[in-house]
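Visitor: pasting a predicted model and its sequence here:
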There are 2 protein chains.
Amino acid sequence: MGFSFRILRKDSSSRARVGKVETSHGSFPTPAFLPVGTQGTIKSLTPEELVEIGVDAILGNTYHLYVRPGHETIARLGGLHRFIHWDRPILTDSGGYQIFSLAGLRKISEEGATFQSHLNGSLQFLSPEKVMEIQRHLGSDIAMVLDECVPYPSSYDYTKSSAALTTRWAARCLEATREGDPAVFGIVQGGTFRDVREESAGDLVRLGFQGYAIGSLSVGEPKSTMLEVLSWTTPLLPEEAVHYLMGVGAPEDILEAVRFGVDLFDCVMPTRNARNGTLFTSRGKMSIKQAQYAEDGKPVDETCSCYTCRHYSRAYLRHLYLANEILSSRLNTIHNIYYYINLMRHIRETIEDGTFCDFYEQHRLRSSENGTESSAQIQSPPG
Amino acid sequence: MGFSFRILRKDSSSRARVGKVETSHGSFPTPAFLPVGTQGTIKSLTPEELVEIGVDAILGNTYHLYVRPGHETIARLGGLHRFIHWDRPILTDSGGYQIFSLAGLRKISEEGATFQSHLNGSLQFLSPEKVMEIQRHLGSDIAMVLDECVPYPSSYDYTKSSAALTTRWAARCLEATREGDPAVFGIVQGGTFRDVREESAGDLVRLGFQGYAIGSLSVGEPKSTMLEVLSWTTPLLPEEAVHYLMGVGAPEDILEAVRFGVDLFDCVMPTRNARNGTLFTSRGKMSIKQAQYAEDGKPVDETCSCYTCRHYSRAYLRHLYLANEILSSRLNTIHNIYYYINLMRHIRETIEDGTFCDFYEQHRLRSSENGTESSAQIQSPPG
């Protein structure tokens, strides 16, 4: 249904590349960051604001939309794009990560995953075929296969058998696709075990997907481990396919992953941090509630051109945060998503003009001066 | 400082009139409804959204801004308009109502009001001179005198002595004004006692203000009592001055009050109701959480042209409300303020073309079919 991916430019000093994803809801350049619209809204923002910020595509959560308001309801209302008033591409995850992180009791069997809804405790069941049906009903542009996300740390045996199960589920997802369905991405599992990652990637590539995600990262492992796994895994994927690092992450993690050839990212970090009053700036992170900003008339970041920085002072943002005003979440979210979108734009520009390596080094230096934050364990918000 | 009021058209069948208020931050037509920006923001909206809706002027709360972030801080940051990024007129109340409704312990003396901050319980003191200083620091366009708001019911003796105190405070407010200060409005007190209202209005008119508010209404009295008090009080005010009914109200109350010659209104009803999922429509109020809207693809009001009604279904608004999403408050607030602004536009248009009486009767009929809500006791939100 109109999905394609083309690589337009490769970096000479790393595996970084600039590409273009086409979907029936329009195209977008990669490397790209997709803000997370868990429940059918990027928390606090309208679609028009996302477009103004420069967001090309968003992520929707299959699990959340399945338990409320329900995929059939959304289908009857014309699909997710129409329901939420967003006409650009939507990638939907499969729900695997939310079953792992949100559900109460859960039981994984060959057939699928049985779990308790985080909303009301009711028993639910998702199979590979069901998640494809849900994503079809949502009218997603890119659908993810059902996978089992393994925690960190996990034993070798469990990780290996779980990865094999994810591969069998992935095959069933492919089997279940119909004419007109979303593009389908497989998910490489294997935890921190190199041979399991190799086996998983090899099996999935033989099945043949339009893109490949690297799953079970950013689930609590040290950052060095995440990068090591990434360094093994991306070379196992077809170069011409989309490479997607789910749930990542911090700006510095994104930069590292781009070097390994990752094209797509999603993370709640910019939006969740915004609501907690933490802002990304060219000089590192800023906690807007600090007393030092009480009478600071400067914008959050004097080098930033976002709506928030053009019109509001740190003092006002601090006031809104302390007063628990809704506008606080809005203005902070606009700024943080703009920061991410701008970062991705810089990444693409520097790959295109051959200066990505310099950009990476500068950013890394600045990050080490300012302190960093791992994206581990900050995926997918509850409810 | 550039304040004036002109009456442009009078209704032949009632005391309703269309006027124009000019301030140094621009002019606006009356009858006008001012959304309430308690803590330096109309909850959930940006100034640009207010302008798009058609809001000409807003209200700020002296009490709230005094206790946080403080009027001196706002002054150092360039005044309230700059602080909140709003360049149109701002009316600030005096804090009297909030001292009455929010403060813990409070003690009224000849000198002023001592009260406990609702934020941290600290003891605060506001005098007539102090509230003028605060409103000067905020850079308000229209300042209100400090008044004592009396509860309903109150004894005759208390109401009478309280109204006299408000008048003495009003005189001190006038004394305290300086060149370049905001326009100052007096506040008629007197509870439900006609002779006290007459005495209060007479005294204030002799002092001479640029506008007159009618205080201590919408504090729990029956609606019929509110209208009766209004029917006595507006004729006591100079015709050529602005008449302001503080804290009112429901659409039907506004229509009634316009008939008595009221020019200005403010109320938290549209914004607070929005956050609670209650929407104003041409067919009455709608509680968006109701199950009947779960798959309802229609807009809230098919006759409405607001941003919310142009792009979103009842089903989506219900989903956002149930999911406790910030966008729910935003979209509902846009709709409700638009409803009020549109109502005021219709009021002015029908006064101008001589059909106000018909408009009033139609609206009243519809209200009695749909059930009504008094605006009593819904003034000024805590924190």
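Guide: Looks like it came in fine.
Visitor: using the three-state scheme, assign the residue nearest to the spatial centre of chain A.
Guide: By CA atoms, centre = their mean, the mean C-alpha position of chain A lies nearest to residue A:266, the distance being 1.5 Å. Using DSSP: H, G, I helix; E, B strand; the rest coil, the secondary structure recorded for residue A:266 is strand.
Visitor: wait, it sits on residue A:31?
Guide: No: between residue A:266 and residue A:31 there is no contact under CB atoms under 8 Å: 12.0 Å. All C-beta atoms are positioned from the backbone trio N, CA, C, and that covers glycine.
Visitor: around chain B, which positions in the stretch 51-200 of chain A sit nearby?
Guide: A:68-69, A:73, A:76-78, A:83-85 (CB under 8 Å from any CB of the partner chain).
Visitor: can I get these in CSV including distance to residue B:58 and pLDDT?
Guide: As requested, those are exported to CSV (distance: CB to CB, whole Å; pLDDT from 0 to 100):
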residue, distance to residue B:58, pLDDT
A:68, 35, 97
A:69, 35, 98
A:73, 38, 98
A:76, 40, 98
A:77, 35, 98
A:78, 37, 98
A:83, 33, 98
A:84, 30, 98
A:85, 27, 98
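Visitor: if we take these, which one ends up nearest to residue B:296?
Guide: Lowest distance from residue B:296 to those (CB to CB) belongs to residue A:77, with 8.8 Å.
Visitor: pretty sure the closest one contacts residue B:313?
Guide: Yes: if you go by CB under 8 Å, residue A:77 and residue B:313 touch, sitting 6.3 Å apart.
Visitor: list the residues that contact both of those two?
Guide: A:83, B:297 (CB atoms under 8 Å, 6 or more residues apart in numbering or on different chains).
Visitor: tell me how far the residue nearest to residue A:47 when sequence neighbours are not counted lies from chain B.
Guide: Of all residues not flanking residue A:47 in the chain, residue A:86 sits nearest, at 4.6 Å (CB to CB, 6 or more residues apart in numbering or on different chains). Distance, residue A:86 to chain B, by CB to the nearest CB, to the nearest Å: 10 Å.
Visitor: list the residues that contact residue A:86.
Guide: A:37, A:47, A:50, A:58, A:80.
Visitor: helix/strand/coil for it?
Guide: coil.
Visitor: show me where the stretch 251-383 of chain A has strands.
Guide: Counting by DSSP state E, counting those that start in this stretch, the stretch 251-383 of chain A has these strands, from start to end: A:264-267, A:278-281, A:284-287.
Visitor: and the residue lying closest to residue A:344 once chain neighbours are set aside, how many neighbours?
Guide: Distances taken as CB to CB, 6+ apart put residue A:33 closest to residue A:344, at 5.0 Å, once the chain neighbours are dropped. Residues lying near residue A:33 (other CB atoms under 10 Å in any protein chain shown) number 27.
Visitor: I figured residue A:33 hits residue A:339, correct?
Guide: No: the criterion here is CB under 8 Å, and residue A:33 misses it with residue A:339 at 10.0 Å.
Visitor: low-confidence ranges, the stretch 251-383 of chain A, go.
Guide: A:371-383 (pLDDT under 70).
Visitor: flag every residue of it that's near chain B.
Guide: A:294-295, A:297, A:311-313, A:315-316, A:318-320, A:322-327, A:329-330, A:383.
Visitor: who's in contact with the helix or strand containing residue A:107?
Guide: Element membership of residue A:107, judged by DSSP states H and E, is strand A:106-108. The contact list for strand A:106-108 (CB under 8 Å, 6+ apart) reads A:99-100, A:113-116, A:148, A:162, A:165.
Visitor: and it, which strands flank it?
Guide: strand A:113-116 (antiparallel) (DSSP bridges).
Visitor: would you mind writing the CA trace of the strand it pairs with as CSV?
Guide: The C-alpha coordinates for strand A:113-116 follow below in CSV (Å, rounded to 0.1, in the frame of the first residue of the first chain):
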residue,chain,number,x,y,z
ALA,A,113,-0.3,-13.3,25.0
THR,A,114,-3.0,-13.4,27.7
PHE,A,115,-2.8,-10.4,30.0
GLN,A,116,-4.8,-8.2,32.3
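Visitor: for it, the distance to its chain's centre please.
Guide: Centroid separation for strand A:113-116 versus its chain: 23 Å, with CA atoms, centre = their mean, to the nearest Å.
Visitor: having no further points to raise, I will conclude here.
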